[in-house]
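K.L.:
sequence and predicted structure, then a few things I'm wondering about:
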Amino acid sequence: MPNLRELLHFYAEAGVDTPLEDVPVDRFSQVEAKRASPVAPISPPARSASEPASERPQANVAAPALAKASVPDDAKIAMARQLALGAGSLEELREQLADFDGCNLKFTAKNLVFADGNPAAPVMFVGEAPGREEDLEGVPFIGRSGQLLDRMFAAIGLDRSSVYIANTIPWRPPGNRTPTPLETEICRPFFERQVELANPKILVALGGPAAKALTNASEGILRLRGNWKTHLTPSGIEIPVMPTLHPAYLLRNPAQKRFAWRDFLNVKMRLRSLAE
């Protein structure tokens with residue numbers, strides 16, 4: 001059995017950093033207790049045999065109404081779209097996001113993770129959502145995957161001063177879970193406006209969710225990677241997109257790094273051709 005230090009380290013790596021109870025709850029014993037004490041069915045009150053059947057109460061009982069979940073709805077998405085379009089600069093957009101309360105993720109995250117690097121750079125790298133380290137510091141890609149990404153930048157002659165880095169989701173989902181489709185949609189107007197204001201010459205999608213958000217493709221990242229796609233901004237500007245593998249995926253699958261290397265070489269050659 002692992003010691004307490006190893007167990008806490010495992011929980012931290014998995015993104016479990018906020019306890020919900022002071023002591024652990026044995027859910028299995030609760031289920032067994034419910035099974036051991038079944039609820040007897042409620043019999044209707046006795047009626048006279050001479051009472052017409054049509055006047056006797058029916059056995060059907062209406063099911064209790066389910067409480068509506070507190071999640072962003074169409075009105076919140078419309079509000080996000082209106083606020084995003086009203087931002088005339090990246091700094092204004094950041095302020096709009098910081099004040100926006102329409103996404104539930106904001107209330108569980110520690111920091112807004114807006115962007116890093118040079119917003120005037122010709123290439124913009126896009127991930128999906130911040131992780132634990134990014135949430136703590138408010139900067140995208142600074143954990144282990146960020147360190148690998150920095151080395152990948154250096155391999156093609158780039159660094160954080162010559163690229164712009166952002167995510168499609170600016171707040172960390174609890175426990176590093178996958179953002180829901182509704183959370184993605186509520187953040188989409190801000191992200192699309194961020195791309196439009198940065199106006200890069202090339203977009204690099206890091207991982208499948210970012211590639212799908214940028215290109216609306218349905219294929220997985222292993223089919224998308226290495227093939228130039230197009231992102232169409234709300235104002236109608238077309239920006240070439242190179243989908244590639246996420247650094248976190250490469251840390252788990254080092255043999256796939258050769259494919260990401262080819263994709264980065266494609267980006268390097270495209271940047272060189274644009275500079276000529």
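P.N.:
All right, it came through fine. Residues are numbered from 1 along each chain as shown.
K.L.:
shaky segments in this protein?
P.N.:
The model of the chain has pLDDT under 70 over residues 1-72.
K.L.:
just want the most central residue of it.
P.N.:
P179 (3.8 Å; C-alpha atoms, centre = their mean).
K.L.:
in this protein, mark out all the helices, start to finish.
P.N.:
4-13, 27-36, 74-86, 90-99, 132-137, 144-155, 181-198, 208-215, 221-224, 247-252, 257-275 (DSSP state H).
K.L.:
can you put these in a markdown table and add mean neighbour count and distance to A115?
P.N.:
C-beta: built from backbone N, CA, C; applies to glycine. As requested, the helices of the chain are exported to a markdown table (neighbours: other C-beta atoms under 10 Å; distance: least, C-beta to C-beta, whole Å):
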| stretch | mean neighbour count | distance to A115 |
| --- | --- | --- |
| helix 4-13 | 11 | 26 |
| helix 27-36 | 9 | 41 |
| helix 74-86 | 16 | 15 |
| helix 90-99 | 16 | 7 |
| helix 132-137 | 19 | 11 |
| helix 144-155 | 17 | 13 |
| helix 181-198 | 20 | 7 |
| helix 208-215 | 23 | 14 |
| helix 221-224 | 17 | 22 |
| helix 247-252 | 18 | 17 |
| helix 257-275 | 15 | 19 |
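K.L.:
between those helices, which one is closest to I239.
P.N.:
helix 181-198 (7.2 Å; C-beta to C-beta).
K.L.:
any chance of the helices of the chain in TSV, plus distance to A120?
P.N.:
Shown next, in TSV, are these (distance: least, C-beta to C-beta, whole Å):
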stretch	distance to A120
helix 4-13	36
helix 27-36	53
helix 74-86	20
helix 90-99	10
helix 132-137	22
helix 144-155	16
helix 181-198	8
helix 208-215	20
helix 221-224	28
helix 247-252	24
helix 257-275	14
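K.L.:
I'd like to know which of these lies nearest to P174.
P.N.:
Between these, helix 132-137 lies closest to P174; by C-beta to C-beta that is 10.0 Å.
K.L.:
keeping just the C-alphas, turn that closest one into CSV.
P.N.:
What follows is helix 132-137 as a C-alpha-only set of coordinates in CSV (Å, rounded to 0.1, in the frame of the first residue of the first chain):
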residue,chain,number,x,y,z
ARG,A,132,-2.9,22.5,-12.9
GLU,A,133,0.4,24.4,-13.2
GLU,A,134,-1.1,26.8,-15.8
ASP,A,135,-4.0,27.5,-13.5
LEU,A,136,-1.8,28.3,-10.6
GLU,A,137,0.4,30.7,-12.6
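K.L.:
give me the contacts around that helix.
P.N.:
12, 15, 17, 109-111, 113, 140-143, 146, 171-172, 176 (C-beta atoms under 8 Å, 6 or more residues apart in numbering).
K.L.:
at 7 Å what do you get?
P.N.:
Here helix 132-137 makes contact (C-beta atoms under 7 Å, 6 or more residues apart in numbering) with G15, D17, A109, K110, N111, V113, P140, F141, I142, G143, R172, N176.
K.L.:
buried subset of those residues?
P.N.:
Among the contacts of helix 132-137, those classed as buried by 16 or more other C-beta atoms under 10 Å are G15, A109, N111, V113, P140, F141, I142, G143, R172, N176.
K.L.:
reformat these as TSV; add distance to L251.
P.N.:
Compiled in TSV, these are given as follows (distance: C-beta to C-beta, whole Å):
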residue	distance to L251
G15	15
A109	23
N111	23
V113	19
P140	16
F141	12
I142	14
G143	10
R172	18
N176	14
